[in-house]
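1. return a 3D structure for these sequence lines:
(chains A, B, C and D)
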2 protein chains.
Amino acid sequence: MANPTIYDVAKMAGVGVGTVSRVLNNSTRVSPETQEKVLGAVRELGFRRSKVARQLSTGIQHRNIGVIIPFVTHPSFVDRLRGIQSALDDQDNDFNLILYSVNEPDRWDEQLLTIVEQAAVDGVLIAALNVSDEQQDLLIKANIPFVMLRDVSTGELNCISPDSIHGGYMATQHLLGLGHRRIAYVGDEFSNIDSPASQLRYDGYVAALKAYDAPYVAEYICLGTHGEETAHNLMASLLALPEPPTAVFAMSDIQAIGCITAIREAGLRVPEDISVIGYDDVQLSRYIGLTTVRQHLEQSGYLGIQLLLNMLTTPENVVPRQLPPLELVVRGTTQRYSGTS
Amino acid sequence: MANPTIYDVAKMAGVGVGTVSRVLNNSTRVSPETQEKVLGAVRELGFRRSKVARQLSTGIQHRNIGVIIPFVTHPSFVDRLRGIQSALDDQDNDFNLILYSVNEPDRWDEQLLTIVEQAAVDGVLIAALNVSDEQQDLLIKANIPFVMLRDVSTGELNCISPDSIHGGYMATQHLLGLGHRRIAYVGDEFSNIDSPASQLRYDGYVAALKAYDAPYVAEYICLGTHGEETAHNLMASLLALPEPPTAVFAMSDIQAIGCITAIREAGLRVPEDISVIGYDDVQLSRYIGLTTVRQHLEQSGYLGIQLLLNMLTTPENVVPRQLPPLELVVRGTTQRYSGTS
DNA sequence: CTGTTAGCGCGTTCAC
DNA sequence: GTGAACGCGCTAACAG
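-> This next block holds a predicted model:
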């Protein structure tokens, strides 16, 4: 039998459904014999009670909030998750956290659809993913409040967004201010499905170059899949250039790390020979002394949940949330251009 | 009204429940006027349809697996989470992941109770938490399959467990083998509620000391709350001793890091003056070159989920899982005792 | 102790 | 187009 119900169990055990329910909840006294019969039937049928029916019947409420994040275990998402968790803990409501990890951005549409159909969540937080208008409509029609953690502010109330363009500008400006002129950009392939972060930071990079009248060199733009490995390889190819850059701006801390190891493997030093600046200020960066742009990842997760909870519990009064401004965090991987290399 | 239902909406809109349901699912054509009336009532009542009833009615299945972890965002748990995620992704079933973070170990009993009562999960993975016999009974009675990620093997089938005692032994042995005799232990306060990891690793430490006939010095045992900060302070007090240790075994990588910064702040070098070995081999450790004991955190999460899924989908045939043996990972924070300090 | 029955809230045929 | 009635699987209250 596909999905046996208590009725099936009751029939097989030769008892009433009430009795079955009772032994399942080991509540009021049931005679040992009947209990045995019931348990036997349960085992034989491989019966499992439907949690949904149970919930409906008992009226036990519990709300779920869904968090949709690409590659949950990437450092930057862990940081956000940290904030999400603590926000959820701070308010002590009975919201459960359902984690959805989007590992194939192409199928993200599909996944959201499933989530909505499943009707498992009361609200969702969508991090670093592009949410199309259709998707927003879907959510709205399904009456599921949602907040987005985006890369750039578009003015919506249900958005928490640092300004990635400005961040890219800041990072590049820092390098420029140190006297560097040959600055490379290492980032993700530009994408529409996924987050447009790479594109935006690149825009900031270009703007800074222009503002400082520094040359834009096409070869210095290195794009690839996200991750340390790729960045490492990209950096290696950069070093193989006839005139390699003297500084590099990596769109994420992890990529910056990949660059650094590549530089070291080439027998060069950071920052003496080449300066490297990252982006995010992931927890890890503090330990390795990476210069970077802090975008308050943890806090964005925190504020996002706070906002969502706000929408969920007191929709008549939702107050906007704002992230603190980006900060340049200068540690040990950048240094004034020495003119040596 | 506390929880308006479609009946309330129907009454207010002066229509039947069927109609309400239809506009909610924007399915078959409904006249624009009635649609308006219904939507108006929905808004006015603040109506939200019950996801539970909806699920029961539509028969849409989706199972949840719960993951219970203390302090989800601690590095070691992030590593486990990584494995959990990928295991969940590999099998493409429709299991959702509900994350429960236990931040107050004292209330862990209570939390498990709520989880069971809520009936929100079909199975649970419990990581690094002590599960009492009563708790196991609770789970069994509720018919919720569970697997535990423990610190020491006790032979149960539903357990994934490295041998922490042996790990503690290995770490200490490494130090001893390098000629160190004055070895400190920095760990968590021993606990019964939480994981007994600290106690176990300490046991291994003591055993190694004994095996190598090295002195056991009570002052060298430093216990405190988990975390970098505490370890840092503990290490500072260790350095203030008339005869400080020449090596320290920290029960986790994070605590090892705390020790290292304390040592450096005191003007000493690692490993030249003092050797430090951690435990876990968290991702971070690779980046900072920490010598440590690898306990395959990620893989334990992976195997745990695999086992749980196994129990959930084919209970008649559950195959045991085994973790690879612990490994000593020698990087740059330990060195032969020079007799200098 | 145990069988029977009435909901839980919503989706979905059916007739109208 | 729209209302009424039934069923999803289970719990709980009520008789027996």
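
2. going by C-alpha atoms from here, please, whenever you check contacts or count neighbours.
-> Noted.

3. just for chain A, where's the confidence low?
-> A:1, A:27, A:92, A:340-341 (pLDDT under 70).

4. ranges for the strands of it?
-> Taking DSSP state E, the strands of chain A run over residues A:63-70, A:95-102, A:123-127, A:146-149, A:159-160, A:183-188, A:221-224, A:247-250, A:275-277, A:292-294, A:327-329.

5. so who does residue A:146 touch?
-> A:123-126, A:139, A:158, A:308 (C-alpha atoms under 8 Å, 6 or more residues apart in numbering or on different chains).

6. what does residue A:234 give?
-> Contacts of residue A:234 (C-alpha under 8 Å, 6+ apart): A:186, A:222-224, A:259.

7. for chain A, what lies in contact range of DNA strand C?
-> A:14-19, A:28-31, A:33-35, A:53, A:56-59 (C-alpha under 7 Å from any atom of the strand).

8. of these, which belong to helices?
-> A:17-19, A:33-35, A:53, A:56-58 (DSSP state H).

9. who's residue A:247 bridged to?
-> Beta-bridge partners of residue A:247, counted by DSSP bridges, are residue A:183, residue A:275.

10. so it is in contact with residue A:184, correct?
-> Yes. Look at residue A:247 against residue A:184 with C-alpha atoms under 8 Å: they come within range, at 6.4 Å.

11. which one of those two has more residues nearby?
-> Higher neighbour count among residue A:247 and residue A:184: residue A:247, with 29 against 25, using other C-alpha atoms under 10 Å in any protein chain shown.

12. what's the more buried one in contact with, if anything?
-> By C-alpha under 8 Å, 6+ apart, the neighbours of residue A:247 are A:175, A:180, A:182-184, A:274-276.

13. just flag the most distant two among the ones in helices among the residues of chain A next to DNA strand C.
-> Farthest apart among these by C-alpha to C-alpha are A:33 and A:56. That separation is 30.1 Å.

14. more neighbours, those two?
-> Using other C-alpha under 10 Å, the more surrounded residue of residue A:33 and residue A:56 is residue A:56, with 17 against 9.

15. from residue A:21, how far off is that one?
-> When distance is defined by C-alpha to C-alpha, to the nearest Å, residue A:56 is 15 Å away from residue A:21.

16. which one of the contacts of residue A:146 has the most neighbours?
-> Counting by other C-alpha under 10 Å, top hit in these: residue A:124 with 27 neighbours.

17. for that one, what are its contacts?
-> Counted by C-alpha under 8 Å, 6+ apart, residue A:124 has contacts A:65-68, A:144-147, A:308.

18. can we see that at 10 Å?
-> Residues in contact with residue A:124 (C-alpha atoms under 10 Å, 6 or more residues apart in numbering or on different chains) are A:64-68, A:97-100, A:115-116, A:139, A:144-148, A:304-305, A:308-309.

19. show me what it is bridged to.
-> Applying DSSP bridges, one finds that residue A:124 bridges with residue A:66, residue A:146.

20. now stretch A:151-162: buried residues?
-> Buried residues in stretch A:151-162, counted by 16 or more other C-alpha atoms under 10 Å in any protein chain shown: A:151-152, A:158-162.

21. now do the end-to-end distance for that stretch.
-> 6 Å.

22. repeat that for stretch A:112-131.
-> Taking C-alpha to C-alpha, stretch A:112-131 runs 10 Å from one end to the other.

23. starting at the chain centroid, how far to that stretch?
-> For stretch A:112-131, the separation from the chain centroid amounts to 13 Å (computed by C-alpha atoms, centre = their mean, to the nearest Å).

24. how about that stretch, does it reach DNA strand D?
-> No. Counting by C-alpha under 7 Å from any atom of the strand, DNA strand D is not contacted by stretch A:112-131; separation bottoms out at 14.5 Å.

25. got the contact list for the residue of the stretch 201-341 of chain A found nearest DNA strand C?
-> Nearest residue of the stretch 201-341 of chain A to DNA strand C, counting by C-alpha to the nearest atom of the strand: residue A:312, 15.9 Å away. Residue A:312 makes contact with A:63, A:65, A:122-123, A:144-146, A:306, A:318 under the criterion C-alpha under 10 Å, 6+ apart.

26. try 8 Å
-> Residues counted as contacts of residue A:312 (C-alpha under 8 Å, 6+ apart) are A:122-123, A:145.

27. which among these gets closest to DNA strand C?
-> residue A:122 (12.7 Å).

28. I figured that closest one was touching residue A:67, is that so?
-> No. Using C-alpha under 8 Å, residue A:122 is not in contact with residue A:67, being 11.0 Å away.

29. shared neighbours, those two?
-> By C-alpha under 8 Å, 6+ apart, no residue touches both residue A:122 and residue A:67.

30. among the strands of chain A, which comes closest to residue B:233?
-> Here strand A:327-329 is closest among the strands of chain A (C-alpha to C-alpha), at 25.8 Å.

31. can you point out the buried residues in the closest one?
-> By 16+ other C-alpha under 10 Å, the buried positions in strand A:327-329 come out as A:327-329.

32. give me the distance from it to the chain's centre.
-> 21 Å.

33. counting neighbours, what do you get for residue A:226?
-> 18.

34. the closest residue to it other than its chain neighbours bridge partners, please.
-> Ranked by C-alpha to C-alpha, 6 or more residues apart in numbering or on different chains and with sequence neighbours excluded, the top spatial neighbour of residue A:226 is residue A:188, at 5.3 Å. On the basis of DSSP bridges, residue A:188 is bridged to residue A:224.

35. now, of the ones in helices among the residues of chain A next to DNA strand C, which are buried?
-> By 16+ other C-alpha under 10 Å, these give A:17, A:19, A:34-35, A:53, A:56 as buried.

36. format these as JSON lines; extra columns: distance to chain B.
-> Output for those, formatted as JSON lines (distance: C-alpha to the nearest C-alpha, whole Å):
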{"residue": "A:17", "distance to chain B": "17"}
{"residue": "A:19", "distance to chain B": "16"}
{"residue": "A:34", "distance to chain B": "17"}
{"residue": "A:35", "distance to chain B": "13"}
{"residue": "A:53", "distance to chain B": "6"}
{"residue": "A:56", "distance to chain B": "6"}
